[in-house]
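> need a structure here:
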Amino acid sequence: MKPIDPDWTSPKTGHDWRDDTTLLACAWLEALADQRKWAARLEATGDWFANARAARLRDEHAPLYDPRDAAAWYIFQARAYAQDRSRWVPEEAVRIVPTLVRLGTELELLLSIPGAEDIGRRIMNGDRSQPDDGLFELLVALAYKRGGWDVAFVPPVRGGPRSHDINISRGRSRWAVECKRMARSAEHVAEAARGRVLAAAAHARALDAYRSISMTVAYYADPAEVPDDWLAARVDDYLTRPWQTSWRDDYCAGTIEEIDFSLARRIMAEDDVYYASSRMIEMLIGEYDHQLDHSMIAKWRPSASRPSYAEMIYQASVVRWAVVAGASTIRKAKHFRWHLVKAVGQMPGDRPGVIHVGVESWAGDVADYYRHIQNRIEAMEFRPEGSRLRWVYGNYIVPELTTRSDESWALSETMAPYRVGRHSVREPLPGHLLLTPEDDARDGVHWDGKA
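Okay, here's the model as predicted:
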């Protein structure tokens, strides 16, 4: 892919556009919420976010929403993206908006699926702490409907055993479909949090010296084993010996250099930039690598009209890192065997079955490739006792904190089919995608380096 040129600006006006497709999906889901409580839930979400944003602008890490009501946060963020950018958070919107765009685009088709509104009610009320599960089921059902299948959600039996999620049929062919949504890798979340702790000490040292520096670090040890002040000591080395621009030690290797503000000053003379965003990091150091984790702190002046945006930066510190140890890759590349074992008990024995496993991945292409190999092996060797499970689809979603001038969100999506055991039954939905229009697809996978 052609490298991104970071030297561009957007106008400070003209941000009053609307995304009516996203708003349509929001309106549908909001109508399914308990109306006696919905207004209060949305107001509480706004209050929580206001407090969290104030803390983050002081460079204090704070959760953006109450995890007990993630469904309200999803609607709050989608609406902020679609009609009021003053309260949107790019790294959250990139996870939420693509799904609602698909639901809004195909809402008429979705409403033709029996049971779809029951799933919507469950998302907004019963399962509001984990809306991703129900949203994933809606996306899978839509994919089969687009593929020419008759689709219906299987209603739960109160007090009875759990069943599969969706029935599909076409002519004489009938399949049972089960959907499993894998949570974000806990290992990657823990590594990123530890990386921020190590980076914070380096930021403090640089800002105390009133120096603007950029560090790139490759950890070949577990970051949990690295002393808290290790990167700060590397900053000290650089400040006393400015020719010491690289290092290699028992924990990591890295480089350190001064930030050149010429690009940032040129851009910010015409544009405000979201604080600590991928775009801000790109303009400070010239690029944003989506395979790395990032942390930045700055002394800056917020925009009067958009307080999350900076109109001037006086000083900044950027640290980006990757954990390159093989053991880390294995930990982050969690495979889906546990989900197969759990799903088999929900499959009927009177028809072939297929499982969709949704994976939202921020772990990087190497970890995703390793995960793919493990999943293929697990599927080939899996013995679905008591069911006729034949195929597993890995639906891999990789959000991208885009820095392109013509995008507000972007993602990579890969569908990988895995044959369960050895048989000749054809897969029911070859070549499908859940979020990306199929006519925009290409052959290959996102971890092959071409995406």
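> elements contacting the one helix or strand Ile281 maps to?
Taking DSSP states H and E as the definition, Ile281 sits inside helix 278-285. In terms of contacts (3 or more CB pairs under 8 Å, 6 or more residues apart in numbering; DSSP states H and E), helix 278-285 is packed against helix 262-268, strand 273-274, strand 293-302, strand 309-323. For the C-beta atoms, the positions are set from N, CA and C on the backbone; glycine is no exception.
> ok, 7 Å please
Helices and strands touching helix 278-285, by 3 or more CB pairs under 7 Å, 6 or more residues apart in numbering; DSSP states H and E, are helix 262-268, strand 273-274, strand 309-323.
> Need the contact partners of it.
Residues lying outside helix 278-285 but in contact with it, judged by CB atoms under 7 Å, 6 or more residues apart in numbering, are 6, 214, 259, 263-264, 267, 273-274, 288, 294, 296, 316, 318, 401, 403.
> At which residues are the helices of the stretch 1-150 of the chain located?
Assigned by DSSP state H, counting those that start in this stretch, the stretch 1-150 of the chain shows helices spanning 20-32, 38-57, 70-83, 90-105, 107-111, 116-121, 131-146.
> next one: the stretch 351-451 of the chain
Counting by DSSP H, counting those that start in this stretch, the stretch 351-451 of the chain has these helices, from start to end: 365-381.
> Any stretches of it with poor pLDDT?
By pLDDT under 70, the low-scoring segments of the stretch 351-451 of the chain are 362-367, 370, 403, 405-407, 409, 438-451.
> returning to what we had before: so which of the helices of the stretch 1-150 of the chain comes closest to Pro428?
helix 131-146 (7.6 Å; CB to CB).
> And the average pLDDT for the closest one is what?
Model confidence over helix 131-146, given as mean pLDDT, is 96.
> Highest neighbour count among the contacts of helix 278-285?
When neighbours are counted as other CB atoms under 10 Å, the busiest of the contacts of helix 278-285 turns out to be Ala316, with 26 neighbours.
> thought it was touching Asp260?
No: when contacts are counted by CB atoms under 7 Å, Ala316 is not listed as touching Asp260 (11.1 Å).
> ok so, going back, quick check: of the contacts of helix 278-285, which lies closest to Arg128?
The shortest separation between Arg128 and any of those is 26.1 Å, and it belongs to Leu401 (by CB to CB).
> okay, the helix or strand containing Asp237 in PDB with CA atoms only?
Element membership for Asp237, per DSSP H and E: helix 230-240. As requested, the backbone C-alpha atoms of helix 230-240 are provided in PDB (Å, rounded to 0.1, in the frame of the first residue of the first chain):
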ATOM      1  CA  TRP A 230      13.800   1.600  33.100                       C
ATOM      2  CA  LEU A 231      12.700   3.800  30.200                       C
ATOM      3  CA  ALA A 232      13.200   6.900  32.400                       C
ATOM      4  CA  ALA A 233      16.800   5.900  32.900                       C
ATOM      5  CA  ARG A 234      17.200   5.600  29.100                       C
ATOM      6  CA  VAL A 235      16.000   9.200  28.900                       C
ATOM      7  CA  ASP A 236      18.500  10.300  31.500                       C
ATOM      8  CA  ASP A 237      21.300   8.600  29.400                       C
ATOM      9  CA  TYR A 238      20.200  10.500  26.400                       C
ATOM     10  CA  LEU A 239      19.900  13.900  28.100                       C
ATOM     11  CA  THR A 240      23.500  13.600  29.500                       C
END
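> Now the element after it, going C-ward?
Tracing the chain past helix 230-240, the next element assigned as helix or strand by DSSP H and E is strand 246-248.
> Can you name every helix or strand that that next one contacts?
Based on contacts counted as 3+ CB pairs under 7 Å, 6+ apart, the elements that strand 246-248 packs against are strand 252-258.
> Least confident secondary structure element in the chain?
The helix or strand of the chain with the poorest confidence is helix 326-332; it has a mean of 66 (mean pLDDT, DSSP states H and E).
> Domain map for this structure?
Taking automatic domain parsing as the domain assignment, the ranges for the chain are 20-185+333-448, 187-325.
> I'd like those as JSON lines, with distance to Ser10 appended.
Output for those, formatted as JSON lines (distance: least, CB to CB, whole Å):
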{"stretch": "domain 20-185+333-448", "distance to Ser10": "7"}
{"stretch": "domain 187-325", "distance to Ser10": "6"}
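> least reliable of these going by mean pLDDT?
Sorting the domains of the chain by mean pLDDT places domain 20-185+333-448 lowest, at a mean of 87.
> from the middle of its chain, how far away would that one be?
Its chain's C-alpha centre lies 11 Å from the corresponding centre of domain 20-185+333-448 when counted by CA atoms, centre = their mean, to the nearest Å.
> Kindly report the same for stretch 307-314.
For stretch 307-314, the distance between its averaged C-alpha position and the chain's averaged C-alpha position is 25 Å (CA atoms, centre = their mean).
> Tabulate the helices and strands packed on helix 278-285 (TSV), appending distance to Thr414.
Conversion of the helices and strands packed on helix 278-285 to TSV gives the following (distance: least, CB to CB, whole Å):
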stretch	distance to Thr414
helix 262-268	33
strand 273-274	28
strand 309-323	21
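> Mind checking these for the one nearest to Met380?
Of all the helices and strands packed on helix 278-285, the one in closest proximity to Met380, counting by CB to CB, is strand 309-323 (29.3 Å).
> Now do that closest one against strand 252-258, angle only.
Here strand 309-323 runs at 150 degrees with respect to strand 252-258, directions being taken by axes from the mean of the first three to the mean of the last three CA atoms, to 10 degrees.
> Can you check what angle separates strand 309-323 from strand 293-302?
For the pair strand 309-323 and strand 293-302, the angle between their directions (the same axes, to 10 degrees) equals 170 degrees.
> quick one: strands adjacent to strand 309-323?
strand 213-219 (parallel), strand 273-274 (antiparallel), strand 293-302 (antiparallel) (DSSP bridges).
> Including distance to Val341, could those go into CSV?
Listed next are the strands paired with strand 309-323 as CSV, based on distance: least, CB to CB, whole Å:
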stretch, distance to Val341
strand 213-219, 33
strand 273-274, 43
strand 293-302, 32
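> Pull the number of nearby residues for Leu107.
With other CB under 10 Å as criterion, Leu107 counts 17.
> No more questions from me, cheers.
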